[in-house]
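Chemist: give me a 3D structure for the following:
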Amino acid sequence: MKVTLQEIRERTYKPVDAWWTVLLVDPLASRLVRLVAPYRWITPNVLTLFATVIGVGAMVFFAIGDRWALAAGALCFHLSFVVDCMDGKIARLNGTGTIFGQWLDFVLDRVRVFFCAIFLFGGQYLQTENVAYLWVMAVAVFLDLFRYLNGQQMAKVRRVMREQIEALRPEITPAVVETDSESESDEPVSPAPAQPAGRQSLKRRVGNTLRRNRIRTHLFSGIEYEMFVFIVGPLLGLVIPVTIAAGAALLTFELFLILKLLRACQQHPAKLAKAEAELAEWQAAQVPAPSAPAPSASVSGIPTTV
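Modeler: Numbering: from 1, shown residues only. All right, here's what the predicted structure looks like:
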């Protein structure tokens with residue numbers, strides 16, 4: 001039985017995602033998912049491997065390095081990313097995801113990006129003998145690695161802070177802990193207090209508009225970085241300039257996230273102390289008040305307790 005596109009959107013789309021994914025990947029990926037979903041042998045792991053094979057095709061075209069090969073490599077890279085996004089959708093739709101599949105998807109993603117960088121910039125070096133391509137390749141690989149490591153470590157720090165607060169929250173008071181709405185994690189974000197539309201700042205109005213359209217406010221994440229380096233640059237024939245611009249944009253947004261994390265870490269001791277005080281107050285409220293002694297009555301002059 002085939003599922004509808006609306007069911008796929010409701011069951012597989014993330015609440016917010018990168019604008020590249022929302023605008024340029026999901027419309028195609030959802031239709032492909034609708035075609036392959038009835039075939040249960042097409043598992044998320046099969047799609048992950050297929051995405052890797054398409055990525056190998058991108059590497060071959062990048063290695064050839066002429067103008068049309070660069071364009072073909074860019075299209076292959078985009079198609080590889082579309083198929084790679086399908087594996088998560090199939091996992092959520094059919095309930096066929098596995099822990100091993102998560103590992104496989106992550107590792108092959110990193111392998112694909114690493115070797116695409118080698119073949120893209122290496123191919124251009126062989127075409128032009130311009131050593132600048134090798135330097136830019138080293139920087140591009142470093143930035144992609146830094147972005148992943150930094151994102152994972154920031155998520156770990158925020159998770160530790162959240163768990164410390166939640167451990168102190170009384171059971172009757174659900175914890176409301178701020179997480180980084182700009183990060184690439186799927187962790188929930190506490191809703192901001194509602195404000196009248198006329199009094200909202202421009203930043204908040206823009207943010208609300210983006211989120212209503214499923215676009216996260218972190219406008220240049222690792223996804224956009226990879227797409228600009230491996231798709232936009234080759235398509236335009238401007239590999240070095242686009243890579244430099246994409247790297248600068250990525251570092252700007254990463255710095256913004258680091259500053260937000262620093263502020264959250266500075267505020268954490270005060271939030272922790274507040275949670276401890278709330279826990280002590282809640283525990284005190286649970287202790288029953290000592291009952292008053294029962295009135296005594298005297299029978300034949302001998303005190304008795306009624």
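
Chemist: switch to C-alpha atoms for all contacts and neighbour counts from now on
Modeler: OK.

Chemist: which parts of stretch 155-166 are buried?
Modeler: 155, 158, 161, 162, 165, 166 (16 or more other Cα atoms under 10 Å).

Chemist: now those in CSV, with distance to residue 29?
Modeler: Below are those laid out as CSV (distance: Cα to Cα, whole Å):
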residue, distance to residue 29
155, 27
158, 31
161, 36
162, 34
165, 39
166, 37
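
Chemist: can you give me the helices in the stretch 51-200 of the chain?
Modeler: 67-94, 99-128, 132-168 (DSSP state H, counting those that start in this stretch).

Chemist: name the residues of the first one that come out as buried.
Modeler: For helix 67-94, the neighbour count (16+ other Cα under 10 Å) marks 69-93 as buried.

Chemist: can you show me the strands along the stretch 151-300 of the chain?
Modeler: Under the criterion DSSP state E, counting those that start in this stretch, the stretch 151-300 of the chain contains strands at 296-299.

Chemist: could you list the low-pLDDT ranges of it?
Modeler: 170-199, 289-300 (pLDDT under 70).

Chemist: one more time with 80, if that's ok
Modeler: 168-203, 283, 285-300 (pLDDT under 80).

Chemist: and what of the stretch 1-150 of the chain?
Modeler: Using pLDDT under 80, the stretch 1-150 of the chain drops low at 1-2.

Chemist: thinking again about what came up before, tell me which of the helices of the stretch 51-200 of the chain lies nearest to residue 235.
Modeler: Nearest to residue 235, of all the helices of the stretch 51-200 of the chain, is helix 67-94, at 4.9 Å by Cα to Cα.

Chemist: elements contacting that closest one?
Modeler: helix 5-12, helix 26-36, helix 44-64, helix 233-236 (3 or more Cα pairs under 8 Å, 6 or more residues apart in numbering; DSSP states H and E).

Chemist: what's the spacing between the shortest one and its chain's center?
Modeler: Relative to its chain's centre, helix 233-236 lies at 26 Å (Cα atoms, centre = their mean, to the nearest Å).

Chemist: show residues contacting that helix.
Modeler: Applying Cα atoms under 8 Å, 6 or more residues apart in numbering, the contact partners of helix 233-236 are 70, 71, 73, 74, 239, 240, 241, 242, 243.

Chemist: how close does the first one get to residue 224?
Modeler: In this view, residue 70 and residue 224 are 18 Å apart by Cα to Cα, to the nearest Å.

Chemist: before we move on, what about the second one?
Modeler: As for residue 71, its distance to residue 224 is 18 Å (criterion: Cα to Cα).

Chemist: what do you get for the last one?
Modeler: According to Cα to Cα, residue 243 stands 11 Å off from residue 224.

Chemist: and what of residue 122?
Modeler: 22 Å.
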